[in-house]
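Peer 1: Turn this into a model:
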Amino acid sequence: FAYCSLFPPDYEIPVKKLIKLWVAQGFVKSSNPNECLEDVGYEYYNELVWRSFFQEEEKDKFGIITSCKMHDLMNELAVKVAGEGSRIIDHNKTDFDGKRLLHVSFDFDVDSLEWKIPTSLLESHKLRTFLFLSQHLWKESFHNSFCATIASNFKSLRMLSLNGLGITKLPKCLRKMKHLRYLDLSFNPIERLPNWIVELQNLETLDLKWCQSLVELPRDIKKLINLRHLILEFCYKLARIPPGLGELTRLRTLSKFVLSKNNSMLRDSAGLSELGKLKDLRGKLEIRNLGYKKDIVSELNYDGAVLKEKRHLYSLTLHWMQIERENSDAVEEESDVIIKSMEALQPHSSLKQLTLLNYMGARFASWFHSLTNIVNLGLYDCDRCQHLPPLDHLPFLKSLVLLGLRNLEHISAEDKVKDFAGDEMMMMSAASPSTTFFPSLESLRLTDCPNLKGWWRNETASASSFPCLSSLEIENCPNLTSMPLYPNLDRLDLWRSSWNVLPSSKLKYLEIRDVEDIEYVPEEGIGNLTLLQELSIDRCPNLVSLPDQGMGSLISLQRLHISKCPNLASLPEGLRCLASLKRLTIVDCPILKQRCQKETGEDWSKIAHIPEIDIDWSIL
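Peer 2: Model prediction:
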């Protein structure tokens with residue numbers, strides 16, 4: 001608790017990082033050598049929460065705690081308990097006794113050309129923590145002397161922040177810091193880490209997130225035998241993972257695993273078999289550059305599962321190498337290999353989020369039915385997909401994204417198709433009204449599926465409805481003309497798609513954009529939207545009118561936005577009745593602009609009661 005005095009009042013404390021810091025300082029103990037220290041740290045944290053030392057917990061969509069705060073009084077107590085051992089450095093108050101300091105943090109923006117480490121702090125030869133609480137984008141000319149000062153004065157550091165220093169090459173002076181357990185190099189334009197970094201044998205956490213120029217890791221990274229967390233989020237240029245990574249059996253976090261694209265570099269790169277040896281990975285994992293070659297499949301068939309035993313992973317992204325569409329014939333020849341490559345990547349059934357990108361198989365793996373705990377599912381640019389696995393039975397699925405499935409005509413089919421494993425026949429049928437249909441689905445996005453016609457091949461099954469769906473986005477699906485019912489839909493975004501999918505009476509937000517087939521908005525299409533609060537109509541070039549009576553039924557409407565509808569000839573009479581309408585915005589609608597001129601326009605009397613009127617960015 002005293003360590004939390006390093007965070008200022010009202011600071012959002014990242015809980016995962018806090019626990020890693022506790023572990024790095026040796027605060028977390030366990031009598032069981034097989035027990036994960038981070039799990040013990042969470043027990044400490046929960047004990048403090050139960051005693052009201054922390055509050056205002058924030059959780060992500062999976063219920064995982066991400067941050068918390070301390071009440072001002074608790075913060076004062078932490079400072080008092082920590083005494084002279086901890087301090088937040090104030091750049092305006094540099095005169096203090098640093099001899100007894102063990103932990104310091106910095107929470108201010110500095111001028112890299114003027115700011116220097118306070119002389120008082122240079123007396124803190126037993127310093128254990130040097131923590132920046134925010135990212136600083138400093139110039140490269142500054143960091144070398146800065147790092148040299150740290151390395152020569154604070155040789156006992158367990159935790160060191162060098163985030164956002166503009167580092168392109170790690171200074172050699174840091175190799176002296178043998179006690180270092182937590183090194184934060186995030187937000188630096190560094191391209192390569194020197195191999196001498198593996199001499200930091202006590203290193204437990206290496207944070208490289210947002211090092212967007214990083215292309216490779218040290219070739220001898222396997223020598224960091226105590227490494228527990230290798231954080232590689234947003235390292236977009238990372239080309240491969242060095243061989244031997246599978247020997248780091250203590251590894252708990254590996255946010256990105258990159259296979260080599262170049263066959264000639266395979267000997268210098270870790271393969272999926274090494275990933276399979278890391279049994280205790282947890283959190284998020286992204287695998288990039290998955291391929292379609294037979295040698296990849298042979299590697300996947302080694303003794304043991306790559307992902308199936310990793311029960312602590314909650315998010316998995318599988319990213320195949322992109323293949324140009326003109327090479328699709330070559331992909332067709334490898335179709336069995338492609339499907340087998342996915343079959344071998346079966347995750348544990350505890351997985352909560354799965355994202356697939358650029359998968360070029362016509363079918364998906366048979367293990368989809370086992371994802372009984374999945375909450376978020378995203379399928380992106382799976383061009384050759386013709387059939388989706390049965391998803392309507394998944395009990396916890398809340399969000400489904402289908403983007404770039406250009407070969408998909410129906411999401412579900414009543415026809416019998418081969419099981420994805422290829423051995424038995426199974427029915428992919430829509431749920432009947434007596435069967436629960438997507439019982440938890442709240443958000444559905446259908447984008448860039450130009451051949452998608454409907455949910456089922458046999459539309460007689462369309463009596464099913466989404467019981468919980470509240471948000472629906474349909475973009476660039478021009479042939480989609482029928483959908484299951486969504487009686488509780490709250491928000492609909494309709495872009496470059498057919499108007500025919502509209503039916504819903506509980507909408508609160510409706511956006512219609514780039515809809516070519518709409519000339520007249522039918523009375524029955526909009527007149528029952530009595531709960532609608534916001535309506536946006538954008539880029540509907542053929543729209544000529546809105547319904548008079550139908551618009552008058554929108555008794556809850558508060559905001560109306562109309563833009564780039566050049567043929568819309570007038571506003572409906574029904575607007576006069578809308579007492580709740582607070583704001584009207586009209587942009588790039590030349591006919592309406594003239595008709596809505598203040599006092600003189602033909603439609604002015606219909607809108608004069610609206611408090612805020614904005615026409616082409618001019619407030620009337």
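Peer 1: drop to CA atoms for contacts and neighbour counts, all remaining ones
Peer 2: Fine.
Peer 1: so where do the strands sit in the stretch 201-350 of the chain?
Peer 2: Taking DSSP state E, counting those that start in this stretch as the test, the strands found in the stretch 201-350 of the chain are 205-207, 229-231, 253-254, 256-258, 283-290, 313-320.
Peer 1: quick one: strands adjacent to the shortest one?
Peer 2: Put plainly, it is strand 253-254. strand 229-231 (parallel) (DSSP bridges).
Peer 1: any idea where the strands of the stretch 51-200 of the chain begin and end?
Peer 2: Under DSSP E, counting those that start in this stretch, the stretch 51-200 of the chain gives strands at 55-59, 65-69, 86-89, 103-106, 129-132, 159-161, 182-184.
Peer 1: Which of those strands sits closest to Pro566?
Peer 2: Among these, the nearest to Pro566 by C-alpha to C-alpha is strand 55-59 (45.4 Å).
Peer 1: And the contacts of that closest one?
Peer 2: Residues outside strand 55-59 that contact it (C-alpha atoms under 8 Å, 6 or more residues apart in numbering) are Val49, Ile65, Thr66, Ser67, Cys68, Lys69, Met70, His71.
Peer 1: rerun at 6 Å
Peer 2: For strand 55-59, the surrounding residues in contact (C-alpha atoms under 6 Å, 6 or more residues apart in numbering) are Ile65, Thr66, Ser67, Cys68, Lys69, Met70.
Peer 1: Now which of the residues you listed would you call buried?
Peer 2: Ser67, Cys68, Lys69, Met70 (16 or more other C-alpha atoms under 10 Å).
Peer 1: number of nearby residues for Leu446?
Peer 2: 20 (other C-alpha atoms under 10 Å).
Peer 1: for Arg406, same thing?
Peer 2: Arg406, neighbours per other C-alpha under 10 Å, totals 19.
Peer 1: Please apply the same query to Gly550.
Peer 2: Gly550: 22 neighbours (other C-alpha under 10 Å).
Peer 1: before we move on, the earlier item: now, which of the buried ones among the contacts of strand 55-59 sits nearest Thr94?
Peer 2: Using C-alpha to C-alpha, the buried ones among the contacts of strand 55-59 come closest to Thr94 at Met70, 25.6 Å.
Peer 1: about what we covered before: who wins for proximity to Leu402 among the strands of the stretch 51-200 of the chain?
Peer 2: strand 55-59 (25.8 Å).
Peer 1: between that closest one and strand 65-69, how big is the angle?
Peer 2: Orientation of strand 55-59 against strand 65-69 (axes from the mean of the first three to the mean of the last three C-alpha atoms, to 10 degrees) gives an angle of 160 degrees.
Peer 1: I'd say His103 and Ser86 touch.
Peer 2: Yes: His103 is in contact with Ser86 according to C-alpha atoms under 6 Å; the separation is 4.7 Å.
Peer 1: Compute the distance between the closest residue to Ile197 other than its chain neighbours and Asn202, please.
Peer 2: Distances taken as C-alpha to C-alpha, 6 or more residues apart in numbering put Arg175 closest to Ile197, at 6.5 Å, once the chain neighbours are dropped. The gap separating Arg175 from Asn202 is 12 Å, by C-alpha to C-alpha, to the nearest Å.
Peer 1: Neighbour count for these two, which is higher?
Peer 2: Asn202 (19 against 16).
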